[in-house]
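Visitor: generate a structure from the sequence data that follows.
(3 chains)
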Amino acid sequence: MTALLEVRGVKKSFSLSSGIFGKTTGEVRALDDVSFTVPAGSTVGLVGESGCGKSTMGHTIMGGLQADAGEIIFNDPELGQVDLVKADKYVRHKTRLNMQMIFQDPNSSLNPRMTLLDLIGEPLLINRVLKGKALEDRVAQLLEQVGLSTRYMRRYPHALSGGQRQRVVIARALALNPRLVVADEPISALDVSIQAQTLNLMKDLQAERQLTYLFVAHDLGVVNHFTDTTVVMYLGRVVETGPTKAMFQRPLHPYSEALIASVPRIGAHKSGTKRAAVGEVPSAANPPSGCHFHPRCPYAQDICRATVPDLRTVGDRSVRCHFADELNLAGIDSPAVPPIPSVASISESGL
Amino acid sequence: MTGRNMSEPLIEIEGLVTEFRTEGGVVRAVNGIDFSIPKGGTVAVLGESGCGKSVTGQCLLNLVRKPGYIASGSIRYHGGDKPVDITKLKPTSEAMRKLRGPEIAMIFQEPMTSFDPLFTVGEQIIEMLMAHQRFPNRREAREHAIEMLRKVRLPSPEIIVDRYPHQLSGGMRQRVMIALALSCGPKLLIADEPTTALDVTTESQILDLLRQLQGEMDMAMMFITHDLAVASEIADEVVVMYLGYIVERGPVAEVLSAPQHPYTQALLDSIPKLTDSASTRLNAIQGMVPTPDQMPSGCPFHTRCTKFMAGLCDQKLPGLYESSAGHVARCFLADPQFAGAAA
Amino acid sequence: MTDIAADAISAAPAAKAERTTVLSVRQLTWRKFLRNKLAVVGLIILVIMYLSALLAGFIAPYGDRETHGQFARQAPHGLNFFDETGAFHPVPFVYGLKRTLDPKTFQQVTTIVPEQKYPLQLFVKGQPYSILGLIKSDIRLFGVEAPGKLFIFGTDTKGRDVFSRILYGAQVSLTVGLVGVALSLLIGVSMGLITGYFGGWFDNVVQRVIEMTMAFPQIPLWLALAALIPPTWSSAQVYFAISIVLSVLTWGSLARQVRAMVLSLKTSDFVRAAKYSNASTARVMVKHLLPSTMSHVLVIATLTIPSMILGETALSFLGLGIKPPMTSWGLLLNEAQSVQVIIELPWLLIPAIFVVLTIISFNFVGDGMRDAADPFSR
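Guide: The predicted structure is shown next:
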């Protein structure tokens, strides 16, 4: 599989300003040296807690935000490999025909004053692909593909249910027949019984159109089900990447372990104290030194406070942890959580 | 909850009906529901948006917002010396105010809405304590407020007590709201999706906390959620609601391991699980939840049910049939007589 | 089998849904507006007012400059159904009037001549008039046969029918606000869109200018600007000059509100979605931002019209606004400036009632529109 999208060392900071003169008082590193690859035809999950930079990454790829450094290489079918960070307007416009976004909340991503025809037809109209009757036919076809009746074409989004609205968002994203779809938490605003429908629809469309998804999510159950590769982010840094199944079986980074352990599970009735990460995500404006995760990490050592670990390659995975080789972390298959290894036992094991 | 007499109810809800006056006529949000919450136990009310679960929570505090009102039914509270029917009390009455807070407290999905941004969290807890005359003076009330903040496992409660709500993170605010709700030592805590807005790691911490506090403070909990896994982790009993009806009710392990109602079964099938093998498709429920003003005839779920029986399900509302002790489902298929006749 | 049956059943409510939910935003807004009874009453009053202003020539019994010299300072004398004997007349009539000089006070005194009865007639011939310069006619809606006179609201010091002049005055007073608001909408909305969307130094300059205009006391600024209008200008020129003066102060607050909305909307998901589909800046502004601000803008505009009408009234009252021979409500009230006049000719204050009625109606309509502006809120 060739890479459709390759993100290399992308950085993005937001400056914090205060006072009436807007003096810069600090900066938030929303993306700090982020790298990952999205192979063509696959689904890559981008997970992490709120504030980890996963949505920022999505919008940076789409060109809504400009990266400060790094490369985002997109394999455009016409232009070949282009770096989106340095792309000019022409390249941006051209590549956008092949990458579209599905937003989290269909209530805010659909203009309430436009009919479904206008909404879904807008990308086609703007890019002068189709117009008039041909446009209408194409919209009708798209509506059918996402499982909506063509009678809805002249309706406004408010006449639809939440699940139907998200189908409209999907139809709009597919209008230009893109290669890459960035899906930013596409189901988290939907009702439980609608989530599965929507995921199935996305799966079916992927099979039909050989789509590639970058799936931004916080629900690990969904990520586990839906993605081939998972990228875990924490405070702007990638802490682990790898094939989803392998990572969920045996995470390499303590944060991945904590995320997996935190997921509420059916049947885990009052299982007692689980080993979840302690505390909360620190403020991104003032991240901890060294490894960002060290204040919450049960395995943290002095070196974790002092030095930022590199993103190391371990087989087909990569991990940003000093002790990735030593730790034996629990995945989904170990409901009975092993006792937290004491600091001493780690030190004894050769450190 | 070992060794506790679980059958002793704290709250008994019977035939509760809540209606909303709308342009298109009267719409029923809650349609004759019965269940009880045992002393010290946890009941999860499970359902999707619009199923009436939040309105049920509001009924217990007699806080249904206009144009909604409790149309009939009773909510008997057994926490005091003698049982009181909450539906008979005026929402603004002294008796109701004495229940709300000291006896029955509530926490919400978004903690910011229940705080006054102009006061420190300590002042708000103290205000609550003083209003219910728990302490002779503010100094002692403040001591108790700090104690409560410590109880919800907040680091350095002496500092946090003087913080304003906006200075705290989402998880901390949720903890402070729990401290505020529990400060008068209520016998029942109504938790309306308290973890939905939180990250997974924080969610699991808050669930742990609630579970521990429940044990410490000997309090019953009504946990309103849409998340089956969360319900599974926290509750003793679940009540599954759909379009204002209870469709299934029973002990959590039984309902989630051997669901009797097709809706519960379908919900369980449709959520992706961590332990799933790489399946390509989920077993999704077809269609969408009808809006309450288009309430289907007969069984409310029949329009989406895979086990729909024409001429029966769309004609008659099934009763609640018991499959095992305390486990009931509103489906003809759960009716032993029907099952016998069909066989 | 079950699937087909389920379809058949879900089709029934779906068909019902078809009828009830396929409403545009406009229809929803309108429905919600209709629920506000005060707003509807206000709207009806305004519609009647504007129609009457449009058809002033037809409805008014006399022309706006038509003087009845001998009947100056005539108190209102209304229509009667019963004569002095108590007999009922199905068609109302007015008594004839006679002017005499009081030999003692040397004041003109009007006396009713009971023998002369002039029944009210529809479609009588009067002075010629034209509506919008298109329809020319001399048939007026109602009147009495000469030499009978019909002064429903009395006459002014020059013997002109106050009722007729109120109708003609409405043509100026009711529209000067509209023209002013239209102008400030044009300036305010485009400024708001541009400053909100682009920001930067232009935004900074515009904001400071707005702050300066807002910091100025309103009436003195209006007076100063109105005083700049050359006295040689024609009535029409003065009319437009006044509406520009009125809009000078209102575009700023409109621009600010639009700017604030654009600031929040420009990062909204639907604008992002459009940008990610290569929508041009112009398209984002015109197709997405402008319509989203429109409902709010219309509400503000509706609530601004009354202050403009009052502004015109104030300027004309002070003699700096509309100039004779054009007439407006402010100019009519200008005649009722002295206490002397108010005591002797209190009916000259009747235009004030119309001003108040209009202002209140606009406010009711504005409130109703504000509630209806967001049809999705409950």
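Visitor: show me the longest strand that occurs in chain C.
Guide: Identified as the longest strand of chain C according to DSSP state E is strand C:88-101.
Visitor: per-residue pLDDT of the residue of the stretch 1-150 of chain A at minimum distance from chain B, please?
Guide: Using Cβ to the nearest Cβ, the closest approach of the stretch 1-150 of chain A to chain B is made by A:Glu49 at 3.9 Å. Using the backbone N, CA and C atoms, a C-beta is placed for each residue, glycine as well. Looking at A:Glu49, its pLDDT is 86.
Visitor: now the helices: where do they sit in the stretch 251-351 of chain A?
Guide: Residue ranges of the helices in the stretch 251-351 of chain A, as given by DSSP state H, counting those that start in this stretch, are A:254-262, A:302-306, A:343-348.
Visitor: what about the stretch 1-150 of chain C, any weak spots by pLDDT?
Guide: For the stretch 1-150 of chain C, applying pLDDT under 70 flags the ranges C:1-25, C:106-108.
Visitor: swap in the stretch 201-350 of chain A?
Guide: In the stretch 201-350 of chain A, residues with pLDDT under 70: A:268-278, A:334-350.
Visitor: do that again at 50, thanks
Guide: For the stretch 201-350 of chain A, the stretches with pLDDT under 50 are A:271-273, A:336-350.
Visitor: so where do the strands sit in it?
Guide: Counting by DSSP state E, counting those that start in this stretch, the stretch 201-350 of chain A has strands at residues A:212-217, A:229-234, A:237-243, A:312-314, A:317-319.
Visitor: how about the first one as CSV, C-alpha atoms only?
Guide: The one in question is strand A:212-217. C-alpha atoms of strand A:212-217 as CSV (Å, rounded to 0.1, in the frame of the first residue of the first chain):
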residue,chain,number,x,y,z
THR,A,212,-9.2,6.5,2.8
TYR,A,213,-10.3,7.7,6.2
LEU,A,214,-8.5,9.7,8.8
PHE,A,215,-10.8,9.1,11.7
VAL,A,216,-10.4,11.5,14.6
ALA,A,217,-12.1,10.1,17.7
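Visitor: so where do the strands sit in chain B?
Guide: Assigned by DSSP E, chain B shows strands spanning B:9-22, B:25-38, B:42-46, B:68-77, B:84-85, B:104-107, B:188-192, B:220-225, B:237-242, B:245-251, B:321-324, B:327-329.
Visitor: just the stretch 51-200 of chain A next, same as before
Guide: A:69-76, A:80-83, A:99-102, A:180-184.
Visitor: to A:Leu252, which of those strands lies closest?
Guide: Smallest distance to A:Leu252 across the strands of the stretch 51-200 of chain A (Cβ to Cβ): 23.5 Å, for strand A:69-76.
Visitor: could you list the buried residues of that closest one?
Guide: A:70, A:72-76 (16 or more other Cβ atoms under 10 Å in any protein chain shown).
Visitor: please see if that strand touches chain C.
Guide: No. Strand A:69-76 is not in contact with chain C by Cβ under 8 Å from any Cβ of the partner chain; minimum separation 13.8 Å.
Visitor: and the helix or strand following the longest strand of chain C, what does it pack against?
Guide: Going down the chain from strand C:88-101, the next helix or strand is strand C:108-119, by DSSP states H and E. Strand C:108-119 is packed against strand C:88-101, with contacts defined by 3 or more Cβ pairs under 8 Å, 6 or more residues apart in numbering or on different chains; DSSP states H and E.
Visitor: which strands or helices does the strand it packs on pack on?
Guide: Using 3+ Cβ pairs under 8 Å, 6+ apart: strand C:88-101 touches strand C:80-82, strand C:108-119.
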